[in-house]
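Asks: Could you look at this predicted model? Sequence included:
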Protein chains: 2
Amino acid sequence: MNTGSIPSFQDVLDAYSRIRYLVHRTPVHQSVSVNSITGSELFFKCENFQKVGAFKFRGASNAVGLLSEDEKKPGVVTHSSGNHAAALALAARMNGIPAYIVMPDNSPEIKINAVRNYSGKITFCPPSLEDREKYSREIIGRTGATFIHPYDHPHVIAGQGTCAYELLSDFPQLEVLVVPTGGGGLLAGSLLAAKAMIPGIQVIAAEPLGADDAFKSFYSGKWHPSVKPSTIADGLLTSIGQINFSIMQQHLNEVIRVSDEQIIQAMELLWERMKLVVEPSGAAGLAAVLAQPDYFKNKKTGIIISGGNRAFQL
Amino acid sequence: MNTGSIPSFQDVLDAYSRIRYLVHRTPVHQSVSVNSITGSELFFKCENFQKVGAFKFRGASNAVGLLSEDEKKPGVVTHSSGNHAAALALAARMNGIPAYIVMPDNSPEIKINAVRNYSGKITFCPPSLEDREKYSREIIGRTGATFIHPYDHPHVIAGQGTCAYELLSDFPQLEVLVVPTGGGGLLAGSLLAAKAMIPGIQVIAAEPLGADDAFKSFYSGKWHPSVKPSTIADGLLTSIGQINFSIMQQHLNEVIRVSDEQIIQAMELLWERMKLVVEPSGAAGLAAVLAQPDYFKNKKTGIIISGGNRAFQL
């Protein structure tokens, strides 16, 4: 597979064979009280229990696993202030190779510590996309490391698709699947898996109102960047990737936008009723059900809880 | 079985047959990073995922299930500011009978709401044991309801024992079992199950330093009450029950006392590394491993996370 090409369901299956003994097959939780509050039947795929606390480890380990031995040796590089950075650092360490992580110097301490914890080599940069890319290019030039994009990369997308693959293998009765959407890697992978496994399933992207570039892009049919995004869901700020936009256009059913209040309400339900620590981005799927309850009424709905990396509060 | 008698492992097995389709068979979680931090191999039995968010539902549903039809009709009564109140309310509702709950008027709102949510009929009283007992007797006199003690009751103890029964059925290789200890119902039930199933297993009571009546009672061989207890673990304030003390004396290996700092550190690990919402009392087991790491070094250790009812923090 060419790294610029659009991945297929077969790539998701290949990714699953490659990474199934590296990733956790995360559990699916249900809650009678959340079902009763929302009037639907919800199946939560708990990627907050995944290694590094987020689905990102799936895509990172698939991408590293697909490098040739010659490509592996100099290591991998990415720029990210989020879960992809920690995921790539761990995937690299498990392969015995270095991971160079370019992080904005205003990154939260919990994310910096996570990358350090997994032996990532951090380079801090000013917090602009231009600087992140410049610093990354400099590292690539100096080390020969391979750049692994956080979401707009076919191997990453195929890896992320293994999450929906597991969920729908376990629960083939699902009628709807809701996926938190930022750069769209998880969404694109989920679409490849879901539409191949259950052709009639409705797949919904859940996106913050304050970062609704996927909404604008999908309904206008023309790619829009994320401009001055503002939301509590710090993992969903980025623009939808080009490959991911193309997969969305082909397969997606709807984008549902959620307010920060709905995200917080979803986090509270997941905490109080299900005892799950979920980061704001990870609660966007349930927030979509709270935003448009009629859409989900009495439907068997899968929701991906994408991650749980929140700083501890006593 | 007489309600004043000491229960046996057979009572735990009977309880399991009675309640197995009413309770969740809660999952057992492990964490590579918590194992590496503690130097041991830990198996966390997640009773924070139990109905009502705590193991208490096991004992309450066994006790209600063992009432005769004539006893059931007028309902049940207890005094509790904690998880037993919510558990008894739900167990009663599932049997279609009333639950009268006497609660101190300074109970936290989250606990009051939980009891209301499960249709418990609340009577508030001044926050002293004398008043709680007086108000309970008044309700019993007026309604004919049966009093279900939160922990010093053989049917409750047998029900709580089903938690360790499930854990040790799933993981018969365990060498140590750590149980948070307040009134001692969970500890006593766990001892009955563990020592019958794995005679060589070490069972450890984890108790707050600021409420260490079980420690004093166990090592002096003479029952001590809990006097002016002070700890963040609000579920472990109470004195050890008489039946439970007797079972402790026969079977327990050690009491390990934990500081509030160790409880908080355990909550933080469970949050950050395992994404679990755990109440302070529920973290006492892991706190015991942090308090005496050498005891657990390289040992396969089961830890009961007894509950997860903490108010939401954004």
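Replies: Great, that's in hand.
Asks: Could you point out the helix or strand that follows the helix or strand of chain A with the lowest mean pLDDT?
Replies: When the helices and strands of chain A are scored by mean pLDDT, DSSP states H and E, helix A:109-117 comes last with a mean of 90. Using DSSP states H and E, the helix or strand that follows helix A:109-117 in sequence is strand A:121-125.
Asks: ok so, going back, residues making contact with the least confident helix or strand of chain A?
Replies: A:52-53, A:81-83, A:85-86, A:89, A:101, A:103, A:122, A:309-311, B:33, B:272 (Cβ atoms under 8 Å, 6 or more residues apart in numbering or on different chains). Where you see a C-beta, it was placed from the backbone N, CA and C, and this is true even at glycine.
Asks: just stretch A:189-196 next, same as before
Replies: A:7-9, A:11-12, A:59, A:157-165, A:168, A:177, A:179, A:201, A:203, A:247-248, A:250-252, A:304.
Asks: where does chain A dip in pLDDT?
Replies: Applying pLDDT under 70 to chain A flags residues A:1-4.
Asks: Grab the longest helix from it for me.
Replies: helix A:154-170 (DSSP state H).
Asks: ok, now which ones touch the residue positioned nearest the centre of chain A?
Replies: By Cα atoms, centre = their mean, chain A has its centre lying nearest to residue A:186, at 4.3 Å. Applying Cβ under 8 Å, 6+ apart, we find residue A:186 in contact with A:55, A:151, A:160, A:163, A:179-180, A:304, A:306.
Asks: Out of these, the closest to residue A:197 would be?
Replies: residue A:163 (12.7 Å; Cβ to Cβ).
Asks: I'd like to know how many residues surround the nearest residue to that closest one once chain neighbours are set aside.
Replies: Ranked by Cβ to Cβ, 6 or more residues apart in numbering or on different chains and with sequence neighbours excluded, the top spatial neighbour of residue A:163 is residue A:55, at 5.1 Å. By the criterion of other Cβ atoms under 10 Å in any protein chain shown, residue A:55 has 33 neighbours.
Asks: thought residue A:55 was touching residue A:308?
Replies: No: between residue A:55 and residue A:308 there is no contact under Cβ atoms under 8 Å: 10.6 Å.
Asks: Which residues are in contact with each of those two?
Replies: With Cβ under 8 Å, 6+ apart, residue A:55 and residue A:308 have common neighbours residue A:47.
Asks: which one of the contacts of residue A:186 is nearest residue B:24?
Replies: residue A:304 (22.1 Å).
Asks: Thought residue A:176 was touching that closest one, still the case?
Replies: No: contact between residue A:304 and residue A:176 fails when scored by Cβ under 8 Å: they sit 11.9 Å apart.
Asks: Mind checking which of these two has more residues around it?
Replies: The neighbour comparison of residue A:304 against residue A:176 (other Cβ under 10 Å) goes to residue A:304, with 27 against 23.
Asks: Identify the bridge partners of the more buried one.
Replies: Note on residue A:304: beta-bridge partners residue A:45, judged by DSSP bridges.
Asks: Please report the distance of it from residue B:16.
Replies: Distance of residue A:304 to residue B:16, given as Cβ to Cβ, to the nearest Å: 34 Å.
Asks: Now do the helices for the stretch 201-314 of chain A: every range, in order, please.
Replies: A:213-220, A:242-251, A:260-274, A:284-291, A:293-296 (DSSP state H, counting those that start in this stretch).
Asks: can you pull the buried residues of the longest one?
Replies: With burial defined by 16 or more other Cβ atoms under 10 Å in any protein chain shown, the residues of helix A:260-274 counted as buried are A:260, A:262-274.
Asks: Likewise for stretch A:133-150?
Replies: Quick answer for stretch A:133-150 (16+ other Cβ under 10 Å): A:135-136, A:139-140, A:145-150.
Asks: Over to stretch A:89-106?
Replies: For stretch A:89-106, by 16+ other Cβ under 10 Å, it's A:89-92, A:94-95, A:97-104.
Asks: Turn these into CSV, including secondary structure and distance to residue A:72.
Replies: Output for these, formatted as CSV (DSSP: H, G, I helix; E, B strand; the rest coil; distance: Cβ to Cβ, whole Å):
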residue, secondary structure, distance to residue A:72
A:89, helix, 15
A:90, helix, 15
A:91, helix, 11
A:92, helix, 9
A:94, helix, 11
A:95, coil, 6
A:97, coil, 5
A:98, coil, 10
A:99, strand, 11
A:100, strand, 14
A:101, strand, 17
A:102, strand, 20
A:103, strand, 22
A:104, strand, 27
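Asks: Out of those, flag the one nearest to chain B.
Replies: residue A:90 (10.6 Å; Cβ to the nearest Cβ).
Asks: Pretty sure residue A:101 is one of the things that closest one touches, is it not?
Replies: No: using Cβ under 8 Å as the test, residue A:90 is too far from residue A:101 to be in contact (11.3 Å).
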